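Enquirer: Requesting a structural model of the entry that follows:
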Amino acid sequence: MGSDDKEKTSSKNDPPSYEERVRHVNIISKPLASKKSTKKIHKLVKKASSKKHIRRGVKEVVKGLRKGDKGLAIIAADIYPVDVVSHLPVLLEENDVPYIFVPSKQDLGAAASTKRPTSCVLIKTPKANFDAQDIYDTMIKEAKSYDPTKE
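Expert: Here you go, the predicted model:
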């Protein structure tokens, strides 16, 4: 009986799984990254953050787009109210910047080296000798493969 109590408390302290996080995403969260892609994206964000190839938050991302920054946008899918990020996909499409959604703002913030949850991140097109260039190229290809007209 005592071991059951320990199991219950340890499961409460574990972070939610990918499947549990997917249940809380917004209606506009398409294309949503798969479990494997989400891990790759977090790794890419962490490396880009250490090299300062990143813009964090809605205001900074919009400012970067206005200034002509290109790259890959990653948007958290569990933002509420959805109006906070609802204008971003349109803005990104107008600027020919591929984007992809990840299930958790908490994890996106942690990957971006901040203590706060982050609603969106723009990874600027990396310069030469970026050590995660292969992950960046794969994620760009995956984000570009999504066609919103087919939904």
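Enquirer: since we're on residue 138, how many residues are nearby?
Expert: 15 (other CB atoms under 10 Å). Placement of C-beta: from N, CA and C, glycine included.
Enquirer: Tell me the pLDDT of it.
Expert: Per-residue pLDDT puts residue 138 at 90.
Enquirer: So it sits against residue 41, correct?
Expert: No: with contact defined as CB atoms under 8 Å, residue 138 does not reach residue 41; the gap is 9.9 Å.
Enquirer: quick one: residue 40 and residue 137 touch, right?
Expert: No: with contacts counted by CB under 8 Å, residue 40 stays clear of residue 137, the gap being 11.2 Å.
Enquirer: Residue 73 should be in a strand, yeah?
Expert: Yes: applying DSSP: H, G, I helix; E, B strand; the rest coil, one finds residue 73 inside a strand.
Enquirer: does it have beta-bridge partners, and which?
Expert: Beta bridges link residue 73 to residue 99, residue 122 when assigned by DSSP bridges.
Enquirer: can you pull the contacts of it?
Expert: For residue 73, the contact set (CB atoms under 8 Å, 6 or more residues apart in numbering) comprises 61, 88, 92, 97-100, 120-123.
Enquirer: Provide the contact partners of the lengthiest helix in the chain at residue level.
Expert: Determined from DSSP state H, the single longest helix within the chain is helix 35-50. The contact list for helix 35-50 (CB under 8 Å, 6+ apart) reads 18, 33, 54, 72, 74, 100, 102-103, 107-108, 110-113, 121, 123-124, 126, 130-132, 135-136, 138-139, 142.
Enquirer: From residue 104, how far out is the residue minimising distance to the centre of the chain?
Expert: Central residue of the chain (CA atoms, centre = their mean): residue 74, 3.6 Å from the mean position. Residue 74 is 11 Å from residue 104, where distance means CB to CB, to the nearest Å.
Enquirer: coming back round to it: tell me which entries of the contacts of helix 35-50 lie within helices.
Expert: Assigned to helices by DSSP H, the following of the contacts of helix 35-50 qualify: 18, 107-108, 110-111, 135-136, 138-139, 142.
Enquirer: PyMOL command to pick out the buried ones of those residues?
Expert: Those of the ones in helices among the contacts of helix 35-50 that count as buried under 16 or more other CB atoms under 10 Å are selected in PyMOL with:
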select buried, resi 18+107+108+110+111+135+136+139+142
